[in-house]
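Asker: What follows is a predicted structure for the sequence shown.
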Protein chains: 2
Amino acid sequence: MKITLLAIGKTNSKELNSLMEELEKRLPSYIKYKRKELSDVKNAKNLSETELKNAEADLILSFLNSSDAMILLDEKGEELTSVEFSRFLEQQMSHSVKHIVFCIGGALGFSEKIYNLRPQKIALSRMTFTHQMVRLFFTEQLYRAFSILQRKPYHNE
Amino acid sequence: MKITLLAIGKTNSKELNSLMEELEKRLPSYIKYKRKELSDVKNAKNLSETELKNAEADLILSFLNSSDAMILLDEKGEELTSVEFSRFLEQQMSHSVKHIVFCIGGALGFSEKIYNLRPQKIALSRMTFTHQMVRLFFTEQLYRAFSILQRKPYHNE
């Protein structure tokens, strides 16, 4: 199985980038993992909110293959503990899922175009964080999840 | 009202520090805010888990005044959305709370000594994050909460 984190727009903070890179260096011992940051939509300022979200949806969907499992990171999604998230990943592996793509929307969230596909949604928190910071939180949870599955001393219950 | 974030141990990542400082520079336009990082317990390696957590509890309690409202940031606490958290802060202000101290435990969490005081607990997430990273999450949520209360264009619902 491989896992991709798909996000809209480059990470605009060198600190967030560096914190993620630290975890990304360690993740390959657990899982094939890639962070994919799509370019921002061009001329976004001339678009309405709905138009912008639809354009972002098109970007996201054009990245995905039909066999990929798309999961939205969305505060309206299902909330899991770190241990539950690790079991969720384990289940995906046991169901022979080849590629999970976790998606983070743009600053305005996801378009109805995406929700209409009824994708699975996981919430990192009920709180809203910046769509930039969520990338770091996810990366840490992913690292934590595999540490739990492999019984490494990282997670204290 | 003033707000303090009380944490055990220095922030050991310059990136996390820098990301927090960015928000801390902007917070004073909303609220008197301070991050207070207590020194780690000495000789922690020679202590049992319970002893360490108790020593950390003593550090936390010695910082607090009897009139301070202590609130634990604890994944077993009540979960709020960002808007609910902003209303919570608003309520505290309207109840003339002078000083709220949000506490983050050490790597092992809080001691029973702290839980026995039955403090209010708020969860940033059901997931467990490093006790270092939680500092950044909290700072961002605090900034977001006041942006919401003051209707500033930071939070997209």
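Answerer: Great, that's in hand. Not measured: the values here are computed from a predicted model. Numbering: from 1, shown residues only, chains lettered A, B, ... in the order given.
Asker: Surely A:A55 touches A:N46?
Answerer: No - taking CB atoms under 8 Å as the definition, A:A55 is not a contact partner of A:N46, at 10.9 Å. The C-beta positions use only the backbone N, C-alpha and C, and glycine is treated the same way.
Asker: can you dump the C-alpha coordinates of the biggest helix by length in chain A into CSV?
Answerer: Counting by DSSP state H, the longest helix found in chain A is helix A:133-149. The C-alpha trace of helix A:133-149 is given here as CSV (Å, rounded to 0.1, in the frame of the first residue of the first chain):
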residue,chain,number,x,y,z
MET,A,133,-1.1,23.5,9.4
VAL,A,134,-3.4,20.5,8.8
ARG,A,135,-0.7,19.1,6.6
LEU,A,136,1.7,18.9,9.6
PHE,A,137,-0.9,17.5,11.9
PHE,A,138,-1.8,14.7,9.4
THR,A,139,1.9,13.8,8.8
GLU,A,140,2.4,13.5,12.6
GLN,A,141,-0.7,11.3,13.0
LEU,A,142,0.4,9.1,10.1
TYR,A,143,3.8,8.6,11.7
ARG,A,144,2.2,8.0,15.0
ALA,A,145,-0.3,5.5,13.6
PHE,A,146,2.5,3.3,12.1
SER,A,147,4.5,3.6,15.3
ILE,A,148,1.5,2.2,17.1
LEU,A,149,1.0,-0.6,14.6
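Asker: ok, it near chain B or not?
Answerer: Yes - using CB under 8 Å from any CB of the partner chain, helix A:133-149 reaches chain B at A:M133, A:L136, A:F137, A:E140, A:Q141, A:R144.
Asker: What lies in contact with that helix?
Answerer: Helix A:133-149 is contacted from outside by A:3, A:5, A:7, A:11, A:16, A:19-20, A:23-24, A:26-27, A:30-31, A:33, A:35, A:73, A:82-83, A:85-86, A:89-90, A:102, A:104, A:124-125, A:129, A:153-155, B:125, B:127-130, B:133, B:136-137, B:140, using CB atoms under 8 Å, 6 or more residues apart in numbering or on different chains.
Asker: Having no further points to raise, I will conclude here.
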